[in-house]
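Student: The amino acid sequence is not available; the structure is as follows:
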């Protein structure tokens, strides 16, 4: 029972570390490339502007998937690169023409056409397939560096704890080995005394 508990605990800790490392790696890669970092065609982001309210609010997490550009339809919410390449915009497709899509933020008065032109395949990044969790996301938007710092410290502490456990186990094994070696040595001395007496 104790062994099963330890095994489950190790699996849980390893999973948490793995997910935290993925989260940090994706966040850093997104910050460097200024684009959502994708793993197996799926990426995430946190909404930082109110342009899609009330549907998608500031702080909402968005999960995006690299859906085929030609399969997109009016009403789909997509992520695309701004014309100057400085940011990612998440807006809804309101019109499809031969030259590309026209998009608009639900909370904006005008479409993106005047500033972004047609959203073509080379600007398109991914389709939004899920959004929500703004109660956590708002904190992340305001305190992203703090959250990443806490996760790094948490991972570091787990590694230190694991190192101490590993060292303790090594010392216990060493102690056990010395004890068994000592018992063997005593047994050998006893046997040698017996043979000498005979």
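Tutor: Nice, thanks for sending it over. If you're wondering where the values come from, they're calculated on a predicted model, not measured in any experiment.
Student: helix or strand right after the helix or strand bottoming out on mean pLDDT in the chain?
Tutor: In the chain, no helix or strand scores lower on mean pLDDT, DSSP states H and E than helix 2-33, which sits at a mean of 71. Next in sequence after helix 2-33, counting helices and strands by DSSP states H and E, comes strand 42-46.
Student: next one: that following strand to chain centre, how far?
Tutor: 10 Å (C-alpha atoms, centre = their mean, to the nearest Å).
Student: Mind giving me the packing neighbours of that strand?
Tutor: If you count contacts as 3 or more C-beta pairs under 8 Å, 6 or more residues apart in numbering; DSSP states H and E, strand 42-46 packs onto helix 2-33, strand 61-65, helix 134-197. (Each C-beta comes from the backbone N, C-alpha and C, glycine too.)
Student: Would you indicate which residues of that strand are buried?
Tutor: Neighbour counts over strand 42-46 (16 or more other C-beta atoms under 10 Å) mark 43, 44, 45, 46 as buried.
Student: pLDDT (mean, whole number) over it?
Tutor: Here strand 42-46 scores 81 as its mean pLDDT.
Student: now do stretch 113-121
Tutor: Stretch 113-121 shows a mean pLDDT of 95.
Student: what's in contact with it?
Tutor: Stretch 113-121 is contacted by residues 69, 78, 80, 82-83, 89, 93, 97, 99-103, 112, 123 when judged by C-beta atoms under 8 Å, 6 or more residues apart in numbering.
Student: what's the nearest residue to residue 16 if we skip its chain neighbours?
Tutor: Using C-beta to C-beta, 6 or more residues apart in numbering and skipping residues adjacent in sequence, the residue nearest residue 16 is residue 158, 7.7 Å away.
Student: Nice, that's everything, thank you.
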